[in-house]
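In: let me see the structure of the following:
(one chain, ligands or ions: 1)
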Amino acid sequence: MKKTTPRSPRPQLLPRSVSIIGTGSHVPARVMTNAEFAARKELDTSDEWIRSRTGIIERRFAGEKEFTSDMAAEAARRALSNANVKPDEVDLIIVATVTPDMPFPSTSTFVQHKLGAKRAACFDVNAACSGFLYALEIGQQFVAAHTYNTALVIGAEKLTSILDFTDRNTCVLFGDGAGAVVLRSRGGDSHGILTTCMGADGAQGDLLKVPAGGSRCPASHASVDGKLHAIRMMGREVFKQAVNAMNAAATEALARCNLNGPDIALVIPHQANLRIIDALGERISVPRDRIYVNLNRYGNTSAASVPIALDEAAHEGRIKRGDLVLMVAFGAGFTWASCVVQW
Ligand code: ACO
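Out: Coordinates of the predicted model:
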């Protein structure tokens, strides 16, 4: 039997502040443009419709042999290198995903093996598009409580594996990719994760789901023929709820920190629809130039969207030391989550 990860002793230690000490992301090379969807006559869609209703211009599609764990591991390598942390220093790996490599083992264990992070405990989290912020909260708690010193939190998706490419209501919206952060305490530094909020409304699960593949409807010829392994979404209802829930989650996180929208240097919202992002900005009084948007290039990458955007924003110099950053997401379940970080 292998030894489990050594833990720090835990006698009555006060919670410590936790910082994001490195970020990384990875998207597949293949670019799928709106024009390519428009060229499929049977879809009856257009670049103009997709662009004006969603803000998406292109997205990335993973190759047949490129799995969620591959993208997650690459994003994680970049985050570790950015943080100057070696794989064997990692105590915990959490992967947020709705598209695991397989039902089990967890995708995080595949990532552990690919990284050579042999000391790390591993598990996955499923909170759909809010998954990364749920995982961030969990990782943060472990480090704050001194249970672990170094946590790797990843959001990764191969959504093309659960798309129905004959359904124009959904297939044009999503893309593949991964983003990762490394969490550690920086000692006495009061910067770091200031607050996290999470919520859910399980009564609305039917509005956005993959109906088959679980215990309720195991895979069968009928489930495959009925395309029940693909995303089904009531877009208009999801849209309304997304605006309300993201506003409420953002407002709660700001209130807990005694902050207002104008105090925030950069908002990193879940990248689902530009109209949702604009409505959020308006409600929390943050102008567009302080809201990070990359869904024009990647579409909705579910749990990967916030960490990819965070990594790009950090590398583009959009976030400086001391800046207040608000992250907020909404997804199937419904679930929502938010987080304020002082960089
Ligand atoms: N091309 C052309 N026409 C289309 C397309 C398309 N790709 N998709 C839908 N349409 C049509 C519809 O069939 C409908 O036609 P009809 O009026 O003849 O019935 C018409 O466009 C309008 O459809 P709506 O659904 O009302 O369009 P809407 O403006 O609401 O935009 C969209 C749809 C983009 C899906 C939007 O509702 C949305 O972004 N919803 C939220 C998605 C979201 O936030 N998801 C977050 C979580 S995702 C997760 O957790 C995995």
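In: end-to-end on stretch 250-269?
Out: Terminal residues of stretch 250-269 lie 10 Å apart, using C-alpha to C-alpha, to the nearest Å.
In: ok, stretch 318-327 next?
Out: End-to-end distance (C-alpha to C-alpha), stretch 318-327: 14 Å.
In: in contact with Asp311, which residues?
Out: Going by C-beta atoms under 8 Å, 6 or more residues apart in numbering, Asp311 touches 23-25, 75, 78-79, 179-181. Just so you know, the C-beta spots here come from the backbone N, C-alpha and C atoms, and that holds for glycine as well.
In: need the three-state assignment for it.
Out: helix (DSSP: H, G, I helix; E, B strand; the rest coil).
In: same thing with Ala178?
Out: Ala178 ends up strand, using three-state DSSP.
In: does it really touch Phe67, like I thought?
Out: No: in this structure, Ala178 is not within contact of Phe67 by C-beta atoms under 8 Å, at 10.5 Å.
In: give me the more crowded residue out of these two.
Out: The residue with more neighbours, out of Ala178 and Phe67, is Ala178; 36 against 21, by other C-beta atoms under 10 Å.
In: quick check: bridge partners of the more buried one?
Out: For Ala178, the beta-bridge partners are His26, Ala156 (DSSP bridges).
In: now do it against Asp91, distance only.
Out: 20 Å (C-beta to C-beta, to the nearest Å).
In: the residue most central in space within the chain: what's it in contact with?
Out: For the chain, Ala303 is the residue whose C-alpha lies nearest the centre (C-alpha atoms, centre = their mean; 2.6 Å). By C-beta under 8 Å, 6+ apart, the residues touching Ala303 are 96-98, 127-132, 135, 155-157, 331.
In: which residues sit in contact with the closest residue to Glu74 other than its chain neighbours?
Out: Nearest residue to Glu74, sequence neighbours excluded (C-beta to C-beta, 6 or more residues apart in numbering): His26, at 3.8 Å. Contacts for His26 were tallied using C-beta under 8 Å, 6+ apart; they are 71, 74-75, 78, 177-179.
In: next: Val85.
Out: Residues in contact with Val85 (C-beta under 8 Å, 6+ apart) are 21-22, 150, 182, 184.
In: quick one: which of the contacts of Asp311 is most hemmed in?
Out: Within those, Ala180 tops the neighbour count with 35 neighbours, counted by other C-beta under 10 Å.
In: how many residues are close by Gly202?
Out: Using other C-beta under 10 Å, the number of residues around Gly202 comes to 8.
In: for the protein, longest helix please?
Out: Scanning the chain for the helix with the most residues, using DSSP state H, yields helix 235-256.
In: packing partners for it?
Out: strand 192-200, helix 274-284, strand 324-331, strand 335-342 (3 or more C-beta pairs under 8 Å, 6 or more residues apart in numbering; DSSP states H and E).
In: of the ones you listed, which is nearest Ile231?
Out: Closest approach to Ile231 among those (C-beta to C-beta): strand 324-331, 11.4 Å.
In: and that closest one with the ligand, contact?
Out: Yes: Strand 324-331 reaches the ligand (C-beta under 6 Å from any ligand atom) through 330-331.
In: tell me the buried residues within the contacts of Val85.
Out: Buried members of these, scored by 16 or more other C-beta atoms under 10 Å, are 21-22, 150, 182, 184.
In: and the furthest pair within the residues you listed?
Out: Gly22 and Thr150, at 10.2 Å, using C-beta to C-beta across these.
In: intersection of neighbour lists for these two?
Out: The contact sets of Gly22 and Thr150 overlap at 85, 182 (C-beta under 8 Å, 6+ apart).
In: before we move on, the earlier item: looking at the contacts of His26, spot the one nearest the ligand.
Out: Gly177 (13.5 Å; C-beta to the nearest ligand atom).
In: okay, now that closest one: neighbour count?
Out: Neighbours around Gly177, by other C-beta under 10 Å: 33.
In: how about it: what's its closest non-neighbour residue?
Out: Val27 (4.0 Å).
In: over to Gly299: give its phi and psi.
Out: When read as degrees, to the nearest 10, the backbone of Gly299 gives phi 60, psi -160.
In: you'd agree it is up against Arg51?
Out: No: here Gly299 does not reach Arg51: they are 11.6 Å apart, not a contact under C-beta under 8 Å.
In: so for the two, which residue has more residues nearby?
Out: Counted by other C-beta under 10 Å, Gly299 and Arg51 do not tie: Gly299 has more neighbours, with 30 against 14.
In: contacting residues for that one?
Out: Per C-beta under 8 Å, 6+ apart, neighbours of Gly299: 54, 56, 58-59, 172-175, 271.
In: repeat that with 7 Å
Out: Shown in contact with Gly299 (C-beta atoms under 7 Å, 6 or more residues apart in numbering): 56, 59, 173-175.
In: returning to what we had before: inside strands: which ones of the buried ones among the contacts of Val85?
Out: Among these, the members falling in strands (DSSP state E) are 21-22, 182, 184.
In: format those residues as a markdown table; extra columns: distance to Thr45 and pLDDT.
Out: Shown next, in a markdown table, are these (distance: C-beta to C-beta, whole Å; pLDDT from 0 to 100):
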| residue | distance to Thr45 | pLDDT |
| --- | --- | --- |
| Ile21 | 43 | 96 |
| Gly22 | 39 | 97 |
| Val182 | 40 | 98 |
| Arg184 | 45 | 97 |
